[in-house]
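[1] Sequence and predicted structure are below.
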Amino acid sequence: MSSSAPINRIDQLFAARSGGDPALVCFLTAGDPGLDSTVPAMHSLVRGGASMLELGMPFSDPMADGPVIQAASERALARGADMAYVLRCVTEFRQEDQQTPVVLMGYLNPIERFGFERFCQEASTAGVDALLIVDLPPEECGCVTDHSAKLNMKQIFLVAPTTSAARLDAIAGAAGGFIYYVSLKGITGAANLDTTDVARRVAAIRERSELPVAVGFGVKTRADVLALAGVADAVVVGSALVQSMHDAGPDAATAVAERFARELTGQAGGNPEAAELSDVRSNAAEGAPS
Amino acid sequence: MRPETPYVWPDQQGHFGPYGGSFVAETLMAALDDLRDAYHRLSADPEFQARLDHDLAHYVGRPSPIYHAERLSQQVGGAQILLKREDLNHTGAHKINNTVGQALLAKALGKPRVIAETGAGQHGVASATVAARLGLECVVYMGSTDIERQAPNVYRMKLLGAEVRPVESGSKTLKDALNEALRDWVTNVDDTFYIIGTVAGPHPYPLLVRDFNAVCGREARRQMLEEYGQLPDALVACVGGGSNAIGLFHPFIEDKAVQMVGVEAAGSGIDTGQHAASLCAGKVGVLHGNRTYLLDNRDGQITETHSVSAGLDYPGVGPEHAWLKDIGRARYESVTDAETMAAFHQLCRVEGIIPALESSHALAHAVKMAADMSPSQYILVNLSGRGDKDVNTVAALEGLAL
């Protein structure tokens, strides 16, 4: 690795943690509920206790996402949230926050069109720590990792309840940063969490990989987070947050995001004024019900 | 000269050269691996093959004949135009060749529920048909735009006991129906078999859909030798996802003297941007689990397509066609909606056959080609479906309401 490669913020985050609640990873779709609300919402999530951010790169055909994130992607694209916009969000976020890891999550085609090498370089320059490309399995990932690895950007991979031991080894071999265990079959935003099963699966992952394990799909409440204490190193919340921010509308989304993160990290009393404000604005600003 | 190597695509991982592969979320990988293993096992199992052959003969009505369109050929005044009559299959199109095969796979894998995506509705009907016969629950995803323009097929699916679920996301057409079917599959993977209707999607779908459709090309090759004493000079088939084309082409790939021509939908014209010609006007990218040519904007967002025929209204194309284009074994052309409608009417009036609008694209190009060829040459057109489903669309174009 060249001496200019930055230290990876994800590695730093997990190295600095020892036990306690799982770290909170918050997903938001870039450009939703407004082009100007994304960067403020990222900062407010961090203020509310989020340890890492996943920024969704909108795609026209998000085949692994449920209705909430699909709709958010469609809205963001309609507002003009292209790849250059997504990268600008990270650049702008980094002007004030050099510590919180940022993962870009999305699908391969917009990256291929942007250019694999150019995308990795510009993402790294913007301050991205890892990529999670939903439709890019380890068998096919060289087109991206050939460029991203040199820049010390990690490649995050999903592990599913249906993933075999052999595939788990292949994934562990290609993965960096953390392993993202999707706790449910199905798309994002579905059903509820079965923590006993999750604990068993996470233990199986730890037998095959030294990497921290994050659990996502089905995490919605503080109770879900607590149930994963001692099981997962991190929990990822996505659809529930995206829906709340959409319901709040662009003006109130920032306050709602902060309150959301506070609730999940158990600091709910933190900023009641912001929470009340968001309720008022949510009622006023909401257009069509989702 | 370099020695000829046999055509043995796809490779173990489902690649056709740089195309194909399995670009899906990890949540689907186990199901795809299971399907690949089951297909390898069953495709080599004589009992499974015997069951498939029996169904193709007695349920689908195969073999379908090759019909010499003599009056059409005379009118054009060039090569002899032959029609491979897939429109005579049960349910009226080539789609049943594939669904019979995949339904037997579903049964062999013990899955009580099947799902399908559909554009024109032909694949949905063909899926609902085999599901009814085998006693499988069937859900068909269909874009709400397509539901409007293919009302007769929607009702046929309902008659056959299938549930048709409208898809309201994105462009509300075939690509969005495919997204929604993939989401259903990922959620219900334990009890559900996904019957993909074309040679796209992740490995092993492009392989197995091709194999099930190749019965058409195998028959055609044999029929040409038996009835005409020679192979055709050219094969012509329409290409949306490309299943009827690959089914006709594949058994002829090693017959290097046989030209293979795929015909895409140019819609209002390639230069208008209102078309569905991924191979003629698209770029390489990844959609629906495979790398292939596709239609997208500068930001890599998949664009909405246009064609008078719902069955060709798809922004991608099967990865094997992408490869056949690159290696020069097949060539790909496009015809406009207007050219298609002219060919549609010509076949109705001259031969007494109402062709599907999809197949009319192939006819339109074959007529153009034939004019420049000699009367001793043969063009074999895949008449992949019948046009009964399209009469409302055609009437609307003429300003009539039925």
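    Thanks, I have it. Residues are numbered from 1 along each chain as shown, chains lettered A, B, ... in the order given.
[2] The closest residue to chain A within the stretch 151-300 of chain B: neighbouring residues, count only.
    Among all residues of the stretch 151-300 of chain B, B:Gly300 sits closest to chain A, at 3.3 Å; criterion: C-beta to the nearest C-beta. C-beta coordinates here come from the backbone N, C-alpha and C atoms, glycine included. Using other C-beta atoms under 10 Å in any protein chain shown, B:Gly300 has 25 neighbouring residues.
[3] any idea which element the most centrally placed residue in chain A lies in?
    For chain A, A:Glu54 is the residue whose C-alpha lies nearest the centre (C-alpha atoms, centre = their mean; 2.5 Å). Assigned by DSSP states H and E, A:Glu54 belongs to strand A:52-56.
[4] try A:Leu45
    Element membership of A:Leu45 [criterion: DSSP H and E] is helix A:38-47.
[5] Pretty sure B:Arg156 sits in a strand.
    No. Counting by DSSP: H, G, I helix; E, B strand; the rest coil, B:Arg156 falls outside a strand, being helix.
[6] which residue packs closest to it, ignoring adjacent ones?
    Ranked by C-beta to C-beta, 6 or more residues apart in numbering or on different chains and with sequence neighbours excluded, the top spatial neighbour of B:Arg156 is B:Val125, at 5.0 Å.
[7] correct me, but that neighbour touches B:Leu160?
    Yes. The criterion here is C-beta atoms under 8 Å, and B:Val125 meets it with B:Leu160 at 7.1 Å.
[8] which one of these two has more residues nearby?
    B:Val125 (29 against 20).
[9] check whether the strand holding A:Glu54 contacts chain B.
    No. Applying C-beta under 8 Å from any C-beta of the partner chain, one finds strand A:52-56 separated from chain B by no less than 13.9 Å.
[10] That strand pairs with which strands, and in what direction?
    Strand pairing for strand A:52-56, using DSSP bridges, gives strand A:23-29 (parallel), strand A:102-106 (parallel).
[11] Now render these as a markdown table, adding distance to B:Asp255 and mean pLDDT.
    Shown next, in a markdown table, are the strands paired with strand A:52-56 (distance: least, C-beta to C-beta, whole Å; pLDDT from 0 to 100):
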| stretch | distance to B:Asp255 | mean pLDDT |
| --- | --- | --- |
| strand A:23-29 | 51 | 98 |
| strand A:102-106 | 44 | 98 |
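[12] which residues of chain B score low on pLDDT?
    Low-confidence segments of chain B (pLDDT under 70): B:1-4.
[13] Dead centre of it: give me the residue that sits there.
    Residue closest to the mean C-alpha point of chain B, counted by C-alpha atoms, centre = their mean, is B:Ser243 at 3.0 Å.
[14] Give me every residue in chain B lying close to chain A.
    Looking at chain A, the residues of chain B close enough under C-beta under 8 Å from any C-beta are B:13, B:21-27, B:29-31, B:33, B:169-170, B:175-176, B:178-179, B:182-183, B:186-187, B:189-190, B:283-289, B:294, B:296, B:298-302.
[15] Not counting sequence-adjacent ones, nearest residue to B:Pro63?
    Nearest to B:Pro63 is B:Glu219, by C-beta to C-beta, 6+ apart, at 4.6 Å.
[16] who are the neighbours in contact with that neighbour?
    By C-beta atoms under 8 Å, 6 or more residues apart in numbering or on different chains, the contact set of B:Glu219 is B:Arg62, B:Pro63, B:Ser64, B:Lys84.
[17] Show me how chain B divides into domains.
    For chain B, automatic domain parsing gives the domain ranges B:16-42+B:95-209, B:61-92+B:214-397.
[18] Can you say which of these is nearest to A:Asp224?
    Across those, the minimum distance to A:Asp224, taken as C-beta to C-beta, is reached by domain B:16-42+B:95-209, at 19.4 Å.
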